[in-house]
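K.L.:
just coords:
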């Protein structure tokens, strides 16, 4: 409980620090953002209007305070280019990216954990070797390339077995769930397989370290088969570590997700961010980056909590340390 | 003590009795003998392992967090001449299929990067308008891309950019990771808990978000890629190194060093870093490999290496454009990246297995053979 409270306080502090980092980094931009955004043949009046619209005519502390209070009221600002509010923009793009991330994670765990276990438990040493190599090579494939190969294999119209859509998201969005889901399958496999390689490696390493542990020996002495003992006891004991690692893999998977989104022409968060960064849309980039980073900080908190829930020894330890 | 890991080195305890009774070695393990025999008077070898050795918490999947290493000077900074040590390590790596593969790919990478500085089959800006999307032929071994530029030339030139990215990322992430580790195991409690807090809080920030953030003021450049990768991997590394480093920091030999007046930096560099070396080697090679993947991804997203600068990410990106028409062109850059990243991952494992005297019997034999009564002296080329 104490840990939980401390972790949450830390989370809020980290959010503040993060907002400052984002704010400061975006302010070291050389040159006048407003005139860049307005274009080369804009009238000075237009530039001035844009500047006051974006709040750039105020002092930096003032701008920071305004932004923070806006964030706390749920007002993320208005994109200077599209004129839409940033929160609705993030919301509509996240409706594609978040399901994609979840699907990728399902693929990664669904492939990584069983194969990782198999890489330790398979009776045939050749199978174990092949699975080990697969894990390493799988984690070394660039997501972009993996996605391309998948398109070439399964993309409708271009692939050898053209069965799945490979470009774009249905206009109807999630109102047409089958089509929407279908358009996410290939991208999810592309990112999921790469992350799956990493998960597989970690699963394998964890299980191997359990191989000659006392706990597994005990379970086997009690009559479990090796496989039962490794999966029932060994895997449970390494679960805490695995959750930790899966959380980190998940965070690092995001680069791949954005690449694959762009490759498959999905209008997700990646497309939005790249567009706004390219346009130097300061207000939008600032809130969007902060929001996404906050999401991942929260993810870090959740993973840590899960880790603690799975490994009760940590609770005692942190109580001791105070 | 949770698990006894089956490290090759630790099973060979029975080889020889400890040479003298002076130290009260409770566990007469190879490492105790090493430090005794190398005449390390600073740290008499009481190596009772702390109760929580091998505590699996926070080791983040790395099973290489072994027991406390008692290597101090007998360890990675031993008295063996550097070339002898390197020779043994390289021979050990060469002796393993994975290590041999990694070494060959690394050597090729270096050679190609160096050659590309002075020679590529075609100048980078040379384009054959009539010969766009050519299939592999004698003139263009890997074919040409959409504007008729030679794919092989661009891949060769790209190898040096990615070499720079990987090396710089390793340096930056090692600096950040080790600095944070030093802070986390520091004896100043405030500093230690503050750094743990920082690492825990920021650990989940994705590389791509940092790259996007830096790309706004700084545009696209190698520095942005390196900074984004270096920071995120450094945080990661700190978290993974912490358990091993903390174990070493609580050990008797560090306490002895501190008591005899060795400064905190020296303690860290001399006694704590070497004990984390096996984990560090794996982490650094992962950083290098992942940074190449990140370079490819970020360049494709337009926030990595600037367009026009040859890099593997650039080659991948240009080949993507007309994928449906000429699918074969895309094969090469992807293959190169996969090959090199695989080799980097394997390299770390091989270094861990061969550069650690606890895991590499040959290295240990030479160390002992040199400074102790020579029973295996033939290895020591003095």
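P.N.:
Yep, that arrived. Treat the numbers as computed from the prediction; the structure is a model and nothing was measured. Numbers count the residues shown, from 1 in each chain, chains lettered A, B, ... in the order given.
K.L.:
the helix with the most length in chain B: what's the following helix or strand?
P.N.:
If you go by DSSP state H, chain B has its longest helix at helix B:151-184. The first helix or strand that comes after helix B:151-184 along the chain, using DSSP states H and E, is helix B:189-202.
K.L.:
residues in contact with that next one?
P.N.:
Here helix B:189-202 makes contact (CB atoms under 8 Å, 6 or more residues apart in numbering or on different chains) with A:7, A:10-11, A:13-14, A:17, A:297, A:300, A:304, B:180, B:183-186, B:235, B:238-239, B:242. For glycine as for every other residue, the C-beta is placed from the backbone atoms N, C-alpha and C.
K.L.:
pull out the buried members of the residues you listed.
P.N.:
Taking 16 or more other CB atoms under 10 Å in any protein chain shown as the criterion, what is buried in the contacts of helix B:189-202 is A:7, A:10-11, A:14, A:297, A:300, A:304, B:180, B:183-186, B:235, B:238-239, B:242.
K.L.:
any idea of the pLDDT on residue 94?
P.N.:
Reading this off chain A. Confidence at residue A:94, expressed as pLDDT, is 87.
K.L.:
switch to chain B, that's the one I care about
P.N.:
Reported pLDDT for residue B:94: 87.
K.L.:
so what's it closest to, chain neighbours aside?
P.N.:
residue B:100 (5.3 Å; CB to CB, 6 or more residues apart in numbering or on different chains).
K.L.:
could I get the pLDDT score of residue B:132?
P.N.:
We have a pLDDT of 64 for residue B:132.
K.L.:
related to what we said a few turns ago, out of the buried ones among the contacts of helix B:189-202, who's nearest residue A:164?
P.N.:
Comparing those against residue A:164 with CB to CB places residue A:300 closest, at 33.5 Å.
K.L.:
which ones are touching that closest one?
P.N.:
A:247, A:251, B:200-204.
K.L.:
now what about stretch A:108-127, what contacts it?
P.N.:
Here stretch A:108-127 has contacts from A:128, A:131-132, A:134-135, A:191-193, A:195-204, A:207-208, A:211, A:226-227, A:230-231, A:235, A:242, A:246, A:249, A:253, using CB under 8 Å, 6+ apart.
K.L.:
just the buried residues of the residues you listed.
P.N.:
A:128, A:131-132, A:134-135, A:191-193, A:195-204, A:207-208, A:211, A:230-231, A:235, A:242, A:246, A:249, A:253.
K.L.:
from the residues you listed, which ones fall inside helices?
P.N.:
Checking the buried ones among the contacts of stretch A:108-127 against DSSP H, those in helices are A:128, A:131-132, A:134-135, A:191-193, A:195-204, A:207-208, A:211, A:235, A:242, A:246, A:249, A:253.
K.L.:
show me where chain B has its helices.
P.N.:
B:30-37, B:82-94, B:97-118, B:151-184, B:189-202, B:207-218, B:222-249, B:252-259, B:264-267, B:273-301, B:312-320, B:331-355, B:361-371.
K.L.:
what pLDDT is listed against residue B:29?
P.N.:
For residue B:29, the model assigns a pLDDT of 36.
K.L.:
where among the helices of chain B is the average confidence lowest?
P.N.:
Looking at the helices of chain B, the bottom one is helix B:30-37 with a mean of 35.
K.L.:
check contacts around residue B:125.
P.N.:
Each residue near residue B:125 by CB under 8 Å, 6+ apart is listed here: residue B:149.
K.L.:
gap between it and residue A:130?
P.N.:
Remark: distance between residue B:125 and residue A:130 (CB to CB, to the nearest Å) = 44 Å.
K.L.:
check residue A:211 too.
P.N.:
Residue A:211 is 19 Å from residue A:130, by CB to CB.
K.L.:
filter the buried ones among the contacts of stretch A:108-127 by proximity to chain B?
P.N.:
Of the residues in the buried ones among the contacts of stretch A:108-127, proximity to chain B by CB under 8 Å from any CB of the partner chain holds for A:201-202, A:208, A:211, A:242.
K.L.:
so among these, where is pLDDT lowest?
P.N.:
On pLDDT alone, residue A:211 ranks lowest of these, at 83.
K.L.:
which among the buried ones among the contacts of helix B:189-202 gets closest to residue B:159?
P.N.:
Distance to residue B:159 across the buried ones among the contacts of helix B:189-202 (CB to CB) is lowest for residue B:235, with 28.1 Å.
K.L.:
tell me the contacts of that closest one?
P.N.:
Neighbours of residue B:235 in contact, by CB under 8 Å, 6+ apart: B:176-177, B:180, B:199, B:202-203, B:205.
K.L.:
mind doing that once more with 10 Å?
P.N.:
A:248, B:173, B:176-177, B:180, B:198-205 (CB atoms under 10 Å, 6 or more residues apart in numbering or on different chains).
K.L.:
what mean pLDDT does stretch A:155-174 get?
P.N.:
Mean predicted confidence for stretch A:155-174 is 70.
K.L.:
got the end-to-end distance for that stretch?
P.N.:
With CA to CA, to the nearest Å applied, stretch A:155-174 spans 21 Å between its terminal residues.
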